[in-house]
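Novice: Next one to model:
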Amino acid sequence: MAKEKPPILGLIQRGGEVVVRMLENVQQKTIEPIIRACVAEGTRFYTDEYDIYARLPAWGYEHHSVCHSRGEYARDEDGDGFHEVHVNTIEGVWSLLRSWLRPHRGISREHLPMYLSFFQFVHNSRARGKGLLPALLAALVV
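Specialist: Numbering: from 1, shown residues only. Down below sits the predicted model:
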């Protein structure tokens, strides 16, 4: 069991910031406080069909999902030709995170939250290379 990858919750506003958190388990009672702390009530969520998200409407959020198991990856709900219901944005974040973590093989559960926090910071600062240094220094001064 210690070799299993811990679950990670990712939230991203399209065109906005990302939040990534390592979870102890994949239960609604575990994700609810994170969602409430990071996302304004009434916000529209786009998710896959995983049942952990079933309570989003009861928590005060709008919820739309795509069902990957049925081959659905994007859906146009309002008929305007734009497939607004999809999870491609967070899937892109997972791809970036995997690529970023790959060189750091064997990250312990104890240190993974720090790696996730740094990834989140870098992603949200939208700065790379030498451009990241001023953002890092500003964060340290605070």
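Novice: can we go C-alpha only for contacts and neighbour counts from here?
Specialist: Noted.
Novice: burial measure for Arg126, as a count.
Specialist: By other C-alpha atoms under 10 Å, the residues close to Arg126 number 11.
Novice: can you check Ser65 too?
Specialist: Neighbour count for Ser65, taken as other C-alpha under 10 Å: 20.
Novice: do the same with Phe45
Specialist: Look at Phe45: counted by other C-alpha under 10 Å, it has 21 neighbours.
Novice: Off-centre distance for the lowest-mean-pLDDT helix or strand in the chain?
Specialist: Least confident helix or strand, the chain: helix 132-141 with a mean of 76, by mean pLDDT, DSSP states H and E. Helix 132-141 sits 23 Å away from the centroid of its parent chain (C-alpha atoms, centre = their mean, to the nearest Å).
Novice: which parts of stretch 102-120 are buried?
Specialist: By neighbour count with 16 or more other C-alpha atoms under 10 Å, stretch 102-120 contains the buried residues 112-113, 116, 119-120.
Novice: Just the terminal-to-terminal distance for it.
Specialist: Its first and final residues considered, stretch 102-120 spans 16 Å by C-alpha to C-alpha, to the nearest Å.
Novice: ok, now stretch 48-67?
Specialist: Using C-alpha to C-alpha, one end of stretch 48-67 lies 6 Å from the other.
Novice: Name the nearest of the buried residues of stretch 102-120 relative to Asn88.
Specialist: Within the buried residues of stretch 102-120, the smallest distance to Asn88 is 17.6 Å, found for Gln120 (C-alpha to C-alpha).
Novice: check which helix or strand covers the closest one.
Specialist: helix 112-125 (DSSP states H and E).
Novice: Show me what the least confident helix or strand of the chain is packed up against.
Specialist: The helices and strands touching helix 132-141, judged by 3 or more C-alpha pairs under 8 Å, 6 or more residues apart in numbering; DSSP states H and E, are helix 112-125.
Novice: how big is the angle separating the helix it packs on from helix 132-141?
Specialist: 120 degrees (axes from the mean of the first three to the mean of the last three C-alpha atoms, to 10 degrees).
Novice: quick one: buried residues of stretch 45-62?
Specialist: Neighbour-count burial for stretch 45-62 flags 45-48, 53, 56-57, 61 (criterion: 16+ other C-alpha under 10 Å).
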